[in-house]
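>>> build me a model:
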Amino acid sequence: MAPLGEAAVPVIVHAPATQQPVDPDVTLPPIDPKRPALPFRPARAGERAQPPPPTAVDDDPSGATVGLGEESPNATMPFSGAVTALLRLDRYAELAVALRKQPDDADEIMARFGLRDAATRSKLHGLWKLRFQANPELKQRFQVLVDEGTKS
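All right, here's what the predicted structure looks like:
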């Protein structure tokens with residue numbers, strides 16, 4: 001049996017009967033310019049496109065990530081409020097540093113970071129465990145941040 005590529009036979013794909021056969025290795029002819037390119041109606045003379053309506057933006061001068069608000073029963077995110085900030089590597093590292101510096105105050109530190117119950121803590125730590133398993137480089141970056149934080 002010949003290796004792939006040595007005895008390759010060109011494949012011809014046949015289009016509908018009204019057209020010529022199409023060779024997949026050849027550029028297709030341009031689309032008929034008489035047909036509309038997009039399914040939108042053409043602009044009328046003098047008509048201008050209207051911009052989309054403005055959306056509410058929370059202008060936070062600090063540039064910090066804005067929380068998602070209170071958790072609803074239909075929430076699609078596994079966390080809400082302050083806990084969503086812990087989805088960022090730097091914030092999760094801050095939590096780890098605080099816990100290493102003051103392990104006796106773990107409950108108070110967790111509450112300060114928005115982790116008020118064991119279920120939320122478990123979900124968050126489980127998420128980070130999965131992320132670290134999937135991306136060893138991320139785990140190394142986390143460890144560097146924690147090491148730097150515990151030195152100061």
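>>> show me where this protein has helices.
Taking DSSP state H as the criterion, the chain contains helices spanning 89-101, 106-112, 118-134, 136-151.
>>> okay, those in TSV with mean neighbour count and mean pLDDT next?
Where you see a C-beta, it was placed from the backbone N, CA and C, and this is true even at glycine. Putting the helices of the chain into TSV (neighbours: other Cβ atoms under 10 Å; pLDDT from 0 to 100) gives the following:
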stretch	mean neighbour count	mean pLDDT
helix 89-101	17	92
helix 106-112	14	90
helix 118-134	13	88
helix 136-151	13	92
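>>> so which of those helices comes closest to Asp23?
Smallest distance to Asp23 across the helices of the chain (Cβ to Cβ): 42.2 Å, for helix 118-134.
>>> quick one: list the elements packing against that closest one.
Applying 3 or more Cβ pairs under 8 Å, 6 or more residues apart in numbering; DSSP states H and E, one finds that helix 118-134 contacts helix 136-151.
>>> what residues does the helix it packs on touch?
With Cβ atoms under 8 Å, 6 or more residues apart in numbering as the test, helix 136-151 has contacts from 89-90, 92-94, 96-97, 100-101, 131-132.
>>> between which two of the residues you listed is the distance greatest?
Using Cβ to Cβ, the contacts of helix 136-151 reach their maximum pairwise distance at Lys101 and Arg131, which is 23.4 Å.
>>> I'd like the distance between Thr150 and Arg141.
Remark: distance between Thr150 and Arg141 (Cβ to Cβ, to the nearest Å) = 15 Å.
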